[in-house]
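> Let's see this in three dimensions:
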Amino acid sequence: RLAQRSTLELSGGELQAVEVAAALAARPRVVLLDEALSQLDDVTARHVEGLLEDYRVRTGATIVAIEHDPERIARSADRVVVLDGGRPVGECLLAGLDLGERRAAVDEVMGVVQSDPGDPPRPVAGGPPRVVISGLQVRSGSGLRVSVPHLALPPGSMVTLQGPIGAGKTTLLRSLVSVGRRAGELLVDGRAPGVEIPAHRLVAYVAQHAGPSMPGTSVHEVVASTARAVGLALDVVTPALEQAGLDELAGRHPMDLSVGERQRLAVLAGTLHAPPLWLLDEPTRGLDGVGARWLIWYLRRHLASGGVVVAATHRSPLLQRLATHRIRVDPGSSSSHDGHSIIIVEAGSGPVQRDPLDAGGGPR
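The predicted structure is shown next:
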């Protein structure tokens, strides 16, 4: 279904799937995958896992994959080696075990602590909603039309957006960032970002691929640049890095970090000023156990203060425990909450403005 599409129009997950297929087309004897499934929804990930297994059986190739998701490791690996500081600290063999035994072995060797965030914060009853989205309509370059007729979110709301790759989740998030330039309205605390008040005081947006756009040549400078841009004192930088477990990396260049470390930095820097509404695109991408527990703690703190989070995610179990609203974004369908249609994704055309932020033209 992607064969005739430009790679500039593909979502991050679609591009990952194409990259895996392109690598196998060369028929290598050794396949090295660096978090190659991190942006795939579970259905697509299982399909790619099957493709890799079929290739391994047919060719006898060796596949070495870096992966943080214990479930995907349990499904696919024959052997697991756990690294810490670049050195092996644990190992187990999974061949011949059933799935339950595989899961237990992976959890044990990875030292997985099932982080239980507890019950999700309850939205405040009564009073005006914190965030209202209404009449929003946007069309991606690939022709998908995403619309939100009406959605009202009380304080403490955590919205997870799920759906197959290319369904329009990123198109929706990015449309909220630039809602003043398209059909629709976004109100935060009754005010329109960028119209009645500077947008950054009401909304934070963390993109799916934030690394290349990070300002500064060190981790410390990235966070310091954000602090200066939003009018915060620089003495907030070091404590924030310590809380995120990034203080020992403060002098490193952002592009020298792992995917998960860079993702933690992106979330921290993008939300440092703690506006009421956070829009997060795949915030769990590449996170190991330490990074995942920090993210849960960080989101819980924002929600407990009355903030609102809307997050697109493929790693659903990690964020679903926090979710007060779970929305599936899927082409050709409508999503609903409390009986009201809130997101519609269609393939047809209509009087919908194209996303001006989407230079490539595709849903993400």
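> where does the protein have low pLDDT?
Within the chain, the stretches falling below the threshold (pLDDT under 70) are 1-4, 8-9, 112-127, 139-144, 179-182, 210-213, 315-316, 330-364.
> correct me, but Val132 touches Ser157?
No. Val132 lies out of contact with Ser157 (Cβ atoms under 8 Å); the separation is 11.4 Å. For the C-beta atoms, the positions are set from N, CA and C on the backbone; glycine is no exception.
> So if I had to pick from these two, which one is more boxed in?
Remark: of Val132 and Ser157, Ser157 carries more neighbours, 26 against 16, as counted by other Cβ atoms under 10 Å.
> Now do the helices in the stretch 101-250 of the chain.
In the stretch 101-250 of the chain, helices defined by DSSP state H, counting those that start in this stretch lie at 169-177, 219-229, 237-243, listed in chain order.
> what's stretch 26-36 in contact with?
With contacts defined as Cβ atoms under 8 Å, 6 or more residues apart in numbering, stretch 26-36 is touched by 16, 19-20, 23-24, 48, 52, 55, 59-68, 259, 286.
> Narrow those to those that are buried.
A residue is treated as buried here by neighbour count (16 or more other Cβ atoms under 10 Å); on that basis the buried members of these are 16, 20, 23-24, 48, 52, 55, 63, 65, 67-68, 259, 286.
> Identify those among these that sit within helices.
Secondary structure defined by DSSP state H assigns Gln16, Val20, Ala23, Leu24, Val48, Leu52, Tyr55, Val259 of the buried ones among the contacts of stretch 26-36 to helices.
> where's Asp288 relative to Gly260, distance?
5 Å (Cβ to Cβ, to the nearest Å).
> Name the residues contacting each of the two.
Common neighbours of Asp288 and Gly260 (criterion: Cβ under 8 Å, 6+ apart): His68.
> So for those two, which sits in the more crowded spot?
Each of Asp288 and Gly260 had its neighbours counted (other Cβ under 10 Å), and the higher figure belongs to Gly260 (21 against 16).
> list the contacts for the more buried one?
Contact analysis of Gly260 by Cβ under 8 Å, 6+ apart lists His68, Arg285, Gly286, Leu287, Asp288, Gly291.
> centroid residue for this structure?
In the chain, the centroid-proximal residue (Cα atoms, centre = their mean) is Glu282; its distance is 0.5 Å.
> Could you check how far that residue is from Arg262?
Here the criterion is Cβ to Cβ. By it, Glu282 lies 12 Å from Arg262.
> And Arg130, by the same measure?
In this view, Arg130 and Arg262 are 30 Å apart by Cβ to Cβ.
> in this protein, which spans are strands?
For the chain, the strands defined by DSSP state E cover 30-34, 62-66, 79-84, 87-93, 131-139, 145-153, 158-162, 185-188, 203-206, 277-281, 308-312, 325-328, 333-337, 340-346.
> Switch the ones you listed over to CSV; also include distance to Glu248.
Shown next, in CSV, are the strands of the chain (distance: least, Cβ to Cβ, whole Å):
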stretch, distance to Glu248
strand 30-34, 22
strand 62-66, 21
strand 79-84, 14
strand 87-93, 17
strand 131-139, 36
strand 145-153, 37
strand 158-162, 30
strand 185-188, 35
strand 203-206, 22
strand 277-281, 24
strand 308-312, 27
strand 325-328, 36
strand 333-337, 42
strand 340-346, 41
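> Any idea which of those gets closest to Asp235?
Closest approach to Asp235 among the strands of the chain (Cβ to Cβ): strand 203-206, 20.6 Å.
> export that closest one as CSV, just CAs?
Listed in CSV are the C-alpha atoms of strand 203-206, where the atom choice follows Å, rounded to 0.1, in the frame of the first residue of the first chain:
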residue,chain,number,x,y,z
VAL,A,203,0.7,24.9,25.0
ALA,A,204,3.9,22.8,24.8
TYR,A,205,4.5,20.5,21.8
VAL,A,206,7.1,17.8,21.6
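> Ser134 contacts Leu153, correct?
No. When contacts are counted by Cβ under 8 Å, Ser134 is not listed as touching Leu153 (11.7 Å).
> Neighbour count for those two, which is higher?
Neighbours per residue, other Cβ under 10 Å: of Ser134 and Leu153, the larger number sits with Leu153, 22 against 13.
> Pairing partners for the residue nearest to that one when sequence neighbours are not counted in the sheet, please.
Nearest residue to Leu153 in three dimensions, chain neighbours excluded: Val131, at 4.3 Å (Cβ to Cβ, 6 or more residues apart in numbering). Beta bridges link Val131 to Leu153, Val188 when assigned by DSSP bridges.
> State the number of residues packed around Val131.
Using other Cβ under 10 Å as the criterion, Val131 is surrounded by 24 other residues.
> How about Gly166?
The local packing count at Gly166 equals 28, with neighbours defined by other Cβ under 10 Å.
> got CSV for the helices of the stretch 101-250 of the chain, with distance to Gln320 and mean neighbour count too?
Supplementary listing: those in CSV, determined by distance: least, Cβ to Cβ, whole Å; neighbours: other Cβ atoms under 10 Å:
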stretch, distance to Gln320, mean neighbour count
helix 169-177, 15, 26
helix 219-229, 29, 21
helix 237-243, 24, 17
